[in-house]
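Give me a 3D structure for the following:
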Amino acid sequence: MKKIIKKIIPEKIKRKLKKHSDNWFDGYATKSYSQEGEDMILRRIFEYSKPGFYVDVGAHHPKRFSNTYYFYKKGWSGINIDAMPNSMKSFNKLRPKDKNIESAISDERKKMTYYIFDEPAVNTLDPQMVDKGIKDGYKLIKKQKIITKTLKDILLDTIPKNKKINFMNIDVEGFDLQVIKSNDFNIFRPEYILVEMHGTKVENIQNTEIYKLLNKKNYAFFGKTILTLIFKDQLLK
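Here you go, the predicted structure:
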């Protein structure tokens, strides 16, 4: 078989393949699935931890732009939540060990308009983010009435009270504050919280409503990527 392959593949092409394979499968490289490398920051944080548990609100896709898929591959499990209709079909197929829930999250149960774009990553409940999405070149293709739930209610229905949550990821395009408000931190208290925040400079983070709310809940600002803020539970021993 080796002789056949050698005859079929010219030496020049073999050299090119080897060069590319060295780049793709470098033993020193680690594959990231996040949009801004958040999973690599979390990888360092949980470097010596056993497989744990995550909650991903606004999960979008089982792999694309995912801050949790790296951990799923490492034996972790958790809950994926997204409002996009039929979004959980791919999650159930590619991440069957997770609990996958199709739902919109807000600080109260109510009927709202869900805005759907040709790029699902920018779908939102926030009318102001609709204007931003259109300005950024995306096309609004549908408006759909949807009943929101609170994060507290979903977690109570899904996992035991006081379940250890190693990290919670929140990325819901402008509705992140409402998601945080909808959780009961006396019952479900993640060790780390990642939350998306557009257009915030480091020096202005302390003035944001998200920072103020999480600070009251005894979370400290821990780190930042371009759009994602990371908070750490100050009550951790």
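
Tell me where the protein has strands.
Remark: strands assigned in the chain by DSSP state E are 53-57, 77-82, 99-102, 104-105, 111-117, 140-149, 167-170, 192-196, 219-224, 228-233.

Any chance of the ones you listed in TSV with mean neighbour count and mean pLDDT as columns?
Just so you know, the C-beta spots here come from the backbone N, C-alpha and C atoms, and that holds for glycine as well. Below are the strands of the chain laid out as TSV (neighbours: other Cβ atoms under 10 Å; pLDDT from 0 to 100):
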stretch	mean neighbour count	mean pLDDT
strand 53-57	25	98
strand 77-82	24	98
strand 99-102	19	98
strand 104-105	26	97
strand 111-117	16	97
strand 140-149	14	96
strand 167-170	26	98
strand 192-196	24	97
strand 219-224	16	97
strand 228-233	21	98
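
Tabulate these (TSV), appending distance to Asn204.
Putting those into TSV (distance: least, Cβ to Cβ, whole Å) gives the following:
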stretch	distance to Asn204
strand 53-57	24
strand 77-82	29
strand 99-102	33
strand 104-105	26
strand 111-117	27
strand 140-149	29
strand 167-170	19
strand 192-196	15
strand 219-224	11
strand 228-233	11
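
closest to Pro127 out of those?
Proximity to Pro127 (Cβ to Cβ) singles out strand 111-117 among those, at 7.6 Å.

which of the residues in stretch 30-46 are buried?
Within stretch 30-46, the residues that count as buried by 16 or more other Cβ atoms under 10 Å are Ser32, Tyr33, Ser34, Gln35, Glu36, Glu38, Asp39, Met40, Ile41, Leu42, Ile45, Phe46.

backbone phi and psi for Glu191, please?
The phi/psi pair for Glu191 (degrees, to the nearest 10) reads phi -70, psi -40.

What is the neighbour count of it?
By the criterion of other Cβ atoms under 10 Å, Glu191 has 20 neighbours.

cool, Ala121 as well?
With other Cβ under 10 Å as criterion, Ala121 counts 16.

And Ala29, by the same measure?
Using other Cβ under 10 Å: Ala29 sits among 9 other residues.

From Glu196, how far out is it?
26 Å (Cβ to Cβ, to the nearest Å).

Same check on Met129?
11 Å.

In the sheet, which residues pair with Lys232? Tell me.
Beta-bridge pairing for Lys232 (DSSP bridges): Tyr192, Ala220.

Out of the buried residues of stretch 30-46, flag the one nearest to Ile146.
Nearest to Ile146, judged by Cβ to Cβ, of those is Gln35 at 24.5 Å.

My guess is the closest one contacts His61. True?
No - in terms of Cβ atoms under 8 Å, Gln35 does not count as a neighbour of His61; the distance is 10.8 Å.

Contacts only, for the residue lying closest to Lys145 once chain neighbours are set aside.
Once flanking residues are discounted, Lys145 sits nearest to Lys111: 5.8 Å by Cβ to Cβ, 6 or more residues apart in numbering. By Cβ atoms under 8 Å, 6 or more residues apart in numbering, the residues touching Lys111 are Lys145, Ile146, Ile147, Thr148.

Any chance of a markdown table for those residues, columns distance to Phe188?
Formatted as a markdown table, these follow (distance: Cβ to Cβ, whole Å):
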| residue | distance to Phe188 |
| --- | --- |
| Lys145 | 28 |
| Ile146 | 23 |
| Ile147 | 21 |
| Thr148 | 18 |
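
Go through the residues you listed and name the one nearest Trp76.
Closest to Trp76, out of all of the contacts of Lys111 and judged by Cβ to Cβ, is Thr148, at 27.2 Å.
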